[in-house]
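J.: Give the three-dimensional model of this entry:
(2 chains)
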Amino acid sequence: MTLEQDALKHFSEVSVALELQTPDMTLNIGPQHPSTHGVLRIVAQVDGERVTDVKPVIGYMHRGYEKIAEVRTYPQITALVNRIDWVSGFANEIPFMAATEKLMGIEVPERARYIRMILTEMARISSHLMFMASYPLELGATTPLMFALRERERILDLIESVTGGRFHPNFNRIGGVKPNAGAGPSQKKTVQDLPKGFLQATRDAMDELLSTCDQFDELVTGNEIFLARCKGVGIMPAALAADFGVSGPNLRASGVAFDLRTHTDYLPYDQVNFEVVTGTVGDSFDRWQVRLEEIRQAAYIVQQAVDQIPSGPLQAKVPKVIKVPKGEVYVRAENPKGEMGYYIVSEGGQGPYRLKIRSASYSNISVIPQLLEGVLVPDIIAIMGSFDFVLGDVDR
Amino acid sequence: MTTSPSDLPATDEASVELDAYAAAVADAVGALSWSTNFATVKVGVAPDAWVKSLRTAKTDLGLIFFSFLSAVHWTNKVEVGDPPAETVDERLEVLAAVGDLTEGRLVHFSTDLPIDGAALATLTGVYAGANWHEREAAEMFDIDFVGHPQLEKLYLPSEFEGHPLRKSFPLLSREVKPWPGMVDVEGMPDSAEASEESDGADAETLPSGVSTENPGR
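T.: This is a model prediction of the structure:
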């Protein structure tokens, strides 16, 4: 009896002494790390495998666009804003164009608005496909990358056939779209519109894309390992998301049905039918599912737009030298990463007096320290990856 | 007591509705002014009432979404770029954009700070997301956000001196090297001939120094 108790006491003391000592350790991830999508540095305090505190360090790619814009003309700034979120370069141009056109009081021709909408949705598809490629890769699955990039290449080829650029189309002009894309001096008199066969090629690509989405459902969404890694991980309540200005698919994954495409008229989204996709709990898995479903919805929008596209001019009448009247305007758009907006203060010159760029990834990742507290080290990657940020969009 | 400085009279239904909304917001937060030019709702408040107004906006008006916070340096002494067309009082205008997540409303709160010793109470107690935006505004414009938990540099290196988005901050690359767009580039040998052939309108759209005969363009 006493012997047994003694043994028990002895055993428990030994086990206490044997318990792992886990003093706080600092774990540095980045600035060069595959999961940081660029140059983001995460300084994490870890106690064993638990994260106790996280500090993101940004600014490695700060290019000072807001300052440069003050000495550039409006058409020149188009080329700059392409490079903010380079995964969806075309979509970056849209809110800037819409803001400038609003200040100048220009009505963009309907055909140009449709071309903008088709290409914006293609930019959304290519951006989300990049996420479909990289997120499983970060969780250890390499095959989805092949499927996603194959599909993305098709989309980029289509964008290239219209704009001449894969990543940085620089295709929008104030008042419309580039009227003679790819036309050399010999074709000066012919206004080149969408390339021959583009509409049919787009229809075919969308059909292919939708079947690839189904393959993704079979390959990844139902995968046990994938589910184990991201179900219930990184739950973001809607109130927290709103507080930090988290927008786009990340916000909708938390159950908020808010999509700027249904609230503003920067592109003719009222002419097409699509669903605003939402998640339920706001974990990493919801963020995956919302994006996968958004690819389908974007494909539906493109299909409808290709069928409805009206004929007509590609450019409104604009003066040769763009001078924007005095005024302040803020126009925001639903970009693949979330709300992107430009606050333009114009003093009547050829360039803005002040340009504030509101980019989505910046606000989206500012919430990450809140979500990483108390998680396990491997979950840092599973949570950060699910936010689909691009450092160009964070640092501007 | 609120006044509308809107210089464009409301014409259609949507802008009348927007004006009514802006007036209601201004009344609820006790604003000094409001405007809805270019469908951008802007409400001016006093610096002392900054945090109180935004707390009212969040709790009573449902503006729960924190979009961005930034500033504008108003001055006629501009180091680079064009100065304002008219004479303005030198000041820092701080802007905070907050919105709702149901109707798609967005309201820009604005307040004016003196240029020397600009200080404003922090919004981090109301919108936690203001943290990074205030750090950015602090380093770019030299504004002290009183009560901010960690007002360190965000983008810039910690030893960086100066506040880049102030209009007094020179853009050094332009000081050192003149803007190439301003330099008159000598034309290609064929260009004089070619411009005579073309009808003038097309020639003007080409950048200087690019031959119209060059098929590679």
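
J.: Hmm, A:Pro249 and A:Arg290 touching each other?
T.: Quick fix: residue A:290 reads Val, not Arg. Yes: assessed by Cβ atoms under 8 Å, A:Val290 is found in contact with A:Pro249 at 4.7 Å. C-beta here means a position set from N, CA and C on the backbone, and glycine is covered the same way.

J.: what residues are shared contacts of these two?
T.: A:Val277 (Cβ atoms under 8 Å, 6 or more residues apart in numbering or on different chains).

J.: These two: which is more packed in?
T.: A:Pro249 (33 against 22; other Cβ atoms under 10 Å in any protein chain shown).

J.: Let me see the contact set for that one.
T.: Counting by Cβ under 8 Å, 6+ apart, A:Pro249 makes contact with A:128, A:277, A:287, A:290-291, A:294, A:336, A:338, A:388.

J.: Could you export these as TSV, including pLDDT?
T.: Below are these laid out as TSV (pLDDT from 0 to 100):
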residue	pLDDT
A:His128	93
A:Val277	91
A:Arg287	91
A:Val290	93
A:Arg291	92
A:Glu294	93
A:Pro336	92
A:Gly338	90
A:Asp388	87
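
J.: In strands only, show me those residues.
T.: A:Gly338 (DSSP state E).

J.: with the contacts of A:Pro249 in mind, which one is nearest to chain B?
T.: When the contacts of A:Pro249 are ranked by distance to chain B (Cβ to the nearest Cβ), A:Gly338 comes first, at 10.5 Å.

J.: mind checking the backbone torsions on the residue in chain B that chain A sits nearest to?
T.: Closest contact between chain B and chain A, by Cβ to the nearest Cβ, is at B:Gly104 (2.9 Å). Dihedral pair for B:Gly104: phi 80, psi 30, per degrees, to the nearest 10.

J.: dump the residue contacts of it.
T.: Per Cβ under 8 Å, 6+ apart, neighbours of B:Gly104: A:258, A:260, A:262-264.

J.: can you rerun that using 6 Å?
T.: A:His263 (Cβ atoms under 6 Å, 6 or more residues apart in numbering or on different chains).

J.: same check, this time on B:Trp50
T.: B:Trp50 touches B:111, B:120-121, counting by Cβ under 6 Å, 6+ apart.

J.: show me which of those residues neighbour chain A.
T.: Among the contacts of B:Trp50, none lies close to chain A by the criterion of Cβ under 6 Å from any Cβ of the partner chain.

J.: if I look at the residue of chain B closest to chain A, how far off is A:Glu121?
T.: Distance of B:Gly104 to A:Glu121, given as Cβ to Cβ, to the nearest Å: 20 Å.

J.: Make sure B:Asp100 is actually in contact with B:Gly62.
T.: Yes: with contacts counted by Cβ atoms under 6 Å, B:Asp100 reaches B:Gly62, the gap being 4.9 Å.

J.: can you give me the helices in the stretch 1-150 of chain A?
T.: Counting by DSSP state H, counting those that start in this stretch, one finds helices in the stretch 1-150 of chain A at the ranges A:2-18, A:65-68, A:74-81, A:89-104, A:110-138, A:143-163.

J.: can you list those helices in CSV and add distance to chain B and mean neighbour count?
T.: What follows is those, written out as CSV (distance: least, Cβ to the nearest Cβ, whole Å; neighbours: other Cβ atoms under 10 Å in any protein chain shown):
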stretch, distance to chain B, mean neighbour count
helix A:2-18, 38, 9
helix A:65-68, 6, 19
helix A:74-81, 8, 20
helix A:89-104, 5, 25
helix A:110-138, 18, 24
helix A:143-163, 16, 18
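
J.: among the ones you listed, which is nearest A:Leu240?
T.: Evaluated over those, closeness to A:Leu240 peaks at helix A:110-138, with 21.5 Å, by Cβ to Cβ.

J.: how big is the angle separating that closest one from helix A:143-163?
T.: Put simply, helix A:110-138 runs at 160 degrees to helix A:143-163, going by axes from the mean of the first three to the mean of the last three Cα atoms, to 10 degrees.

J.: now the angle from helix A:110-138 to helix A:89-104?
T.: 140 degrees.

J.: Can you tell me which helices and strands helix A:110-138 packs against?
T.: If you count contacts as 3 or more Cβ pairs under 6 Å, 6 or more residues apart in numbering or on different chains; DSSP states H and E, helix A:110-138 packs onto helix A:89-104, helix A:143-163, strand A:176-177, helix A:284-308, helix A:377-386.

J.: B:Glu136 is nearest to which of the ones you listed?
T.: Comparing these under Cβ to Cβ, the one sitting nearest is helix A:89-104, at 19.3 Å.

J.: Can you pull the residues of chain A lying near chain B?
T.: A:59, A:62, A:67, A:70-71, A:102, A:184-185, A:188, A:242-245, A:256, A:258, A:263, A:327, A:329-330, A:345, A:347-349, A:354, A:356, A:358, A:366.

J.: Now the buried members of those residues.
T.: Buried residues within the residues of chain A next to chain B, counting neighbours by 16 or more other Cβ atoms under 10 Å in any protein chain shown: A:59, A:62, A:67, A:70-71, A:102, A:185, A:242-245, A:256, A:258, A:263, A:327, A:329-330, A:345, A:347, A:349, A:354, A:356, A:358, A:366.

J.: For chain B, what's the nearest residue on the stretch 101-250 of chain A?
T.: Proximity of the stretch 101-250 of chain A to chain B (Cβ to the nearest Cβ) peaks at A:Phe244, 3.6 Å away.

J.: Identify the residues contacting that residue.
T.: A:366-367, B:129.

J.: same thing but at 7 Å, please
T.: A:363, A:366-367, B:66, B:128-129 (Cβ atoms under 7 Å, 6 or more residues apart in numbering or on different chains).
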